[in-house]
Every structure is written in structure tokens, then in C-alpha cells.
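K.L.:
My questions are about this predicted structure, shown below with the sequence.
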Amino acid sequence: MFNKFTRLVLMLITLVALNLPAFAVSLPASTPATEPDPATVKAALSEFSSLSKKEKKERIHEVKKVLKQYKADKKAGTAAETSTVLLVILAILLPPLAVYLHEGEINNRFWLSLLLTLLFWIPGVIYALIVVLGDGSLKLASEKE
């Protein structure tokens, strides 16, 4: 039984690896640097420090509003997310990591995945696949409002 399962998993990984270039995401030719230019940062800081207290509060409020909108989009599934194929591969190899990357935070789903993986690996994989491939209708009782 274990031999058949091992063959099945290896075949699945091989098939995914052979088709992986088809799912690859191409980056634009000019990717922006991860860190801005120090001169730009100094200019922005000096501009922000020259603002009045009321204008500073308004800018901070705007940033918080944008961040809240981004989190709502991510939760609704409309934000750009990690490739599902890579999450499925991670769900097979390291289930808690796949759940963490999908959820974006350490929550009850992560801890349940970790527990299932530590107790028995197969239930952890199954649960991680359900979380990653699920449509979001499956919620834990503690996450319901």
C-alpha cells in the first residue's frame, strides 16, 4: 500500500514539475528595486516633517484606509496571490507552510494544520489542500462572527 502511495506522489510531483513552466509568472523587464533611493527617502521624510499636525493626521488616516482596503481585497480573494500550483506543491511537502502562506497569518487554521501534520502526515496534507483549494466557504467555528 505504501509503495503504491509513494509512486502516486512521485508521479504527481513529476507531472507538476513538467507542466510548471506553463504556470510560471513572467516579471516585467524593469522590476522596481525593493528599497527606494536614500535621497528619495530623505526628501519624503523632510516633506512629511514639514507638514502641519492636521495634515500629518490626514496622511496617516489615508494610509490606514488604503491598508484596510488592501486587507479586505486580499481576504475577498481579489488581491494578487501566490500561485495556486506552488501552494499545492507546498501543501503536499510542508502543509503548515502552505496554510500560512495562503492565510497570510498564523491563525487557527495554521495551528490545526501543524497539529494534524505532527500527528499524522496524511491528514495534514489533506487539510492543507482543502484550505488552499477551498473556496472559502469552509470556515472554522471560531472564525465565524
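P.N.:
That came through fine.

K.L.:
check which helix or strand covers E58.
P.N.:
E58 is part of helix 53-76, with elements assigned from DSSP states H and E.

K.L.:
What is the subsequent helix or strand relative to that helix?
P.N.:
For helix 53-76, the following helix or strand on the C-terminal side (DSSP H and E) is helix 84-93.

K.L.:
Number of residues surrounding L101?
P.N.:
For L101, the count of nearby residues is 17 (other C-beta atoms under 10 Å). All C-beta spots, glycine's among them, are computed from the backbone N, C-alpha and C.

K.L.:
where are the low-confidence patches of the protein?
P.N.:
Counting by pLDDT under 70, the chain has low-confidence residues at 1-2, 5, 7-33, 77-82, 135-145.

K.L.:
Which stretches in it count as helices?
P.N.:
For the chain, helices defined by DSSP state H occupy the ranges 2-23, 38-49, 53-76, 84-93, 95-103, 108-119, 121-133.

K.L.:
Please identify the most buried of these.
P.N.:
When neighbours are counted by mean count of other C-beta atoms under 10 Å, the highest per-stretch mean among the helices of the chain falls to helix 95-103, a mean of 22.

K.L.:
what angle sits between the helix holding E58 and helix 95-103?
P.N.:
For helix 53-76 against helix 95-103, the angle by axes from the mean of the first three to the mean of the last three C-alpha atoms, to 10 degrees is 130 degrees.

K.L.:
Check which helices and strands helix 53-76 sits against.
P.N.:
Other elements packing on helix 53-76 under the criterion 3 or more C-beta pairs under 8 Å, 6 or more residues apart in numbering; DSSP states H and E are absent; no helix or strand qualifies.
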